[in-house]
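J.: Fold the following, please.
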Amino acid sequence: MTNTTDTDRERIRRVLDELYAARFNGELDRLAALFAKTAQFRISGSSDGKPIAISVSDGAQIRGWLAVLLKSFSLSRHEVLTRVIDGNRAAVHWRAVIHSRITGVSVATELMDLVEISGDQISSYVEFFAPV
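T.: Numbers count the residues shown, from 1 in each chain. Model (predicted):
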């Protein structure tokens with residue numbers, strides 16, 4: 001007999017795996033398709049002592065910001081430190097080296113993503129980041 005909780009956990013794990021694979025491979029269409037049309041999308045942190053904050057809740061705006069992120073930054077040495085799934089929510093603590101395609105600078109960074117998933121799409125995505 002299949003446990004519903006295990007099935008939900010696997011579904012969320014698959015969405016998270018798809019999210020990070022699309023992000024690291026720079027696949028905008030694949031990445032944007034993971035977000036619901038009315039998803040909440042927030043990114044907050046500091047880079048070079050300058051605060052950065054993005055907050056949108058419209059599919060077209062999310063796609064626009066994802067395009068900017070993919071065009072401006074590449075990621076390497078991705079490592080998931082902790083992943084916790086509770087119901088339809090997940091918290092992922094990870095690190096990567098983020099390379100700015102604009103300045104040419106690479107910075108080791110730790111990130112914390114708080115993700116809520118409805119069905120097979122992300123309904124809320126909040127990311128906090130800080131250089132290490």
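J.: quick one, helices of the chain?
T.: Counting by DSSP state H, the chain has these helices, from start to end: 4-25, 28-32, 59-72.
J.: quick one: which of those is nearest Phe41?
T.: Among the helices of the chain, helix 59-72 comes nearest to Phe41, with 4.6 Å by C-beta to C-beta. C-beta coordinates here come from the backbone N, C-alpha and C atoms, glycine included.
J.: hmm, who's touching the closest one?
T.: Counting contacts by C-beta atoms under 8 Å, 6 or more residues apart in numbering, the residues outside helix 59-72 that touch it are 23, 26, 28, 31-32, 35-39, 41, 43, 54, 56, 100-102.
J.: So what angle separates the directions of that helix and helix 4-25?
T.: 50 degrees (axes from the mean of the first three to the mean of the last three C-alpha atoms, to 10 degrees).
J.: Name the residues of helix 59-72 that come out as buried.
T.: Buried residues in helix 59-72, counting neighbours by 16 or more other C-beta atoms under 10 Å, are found at 59, 62-63, 66, 69-70.
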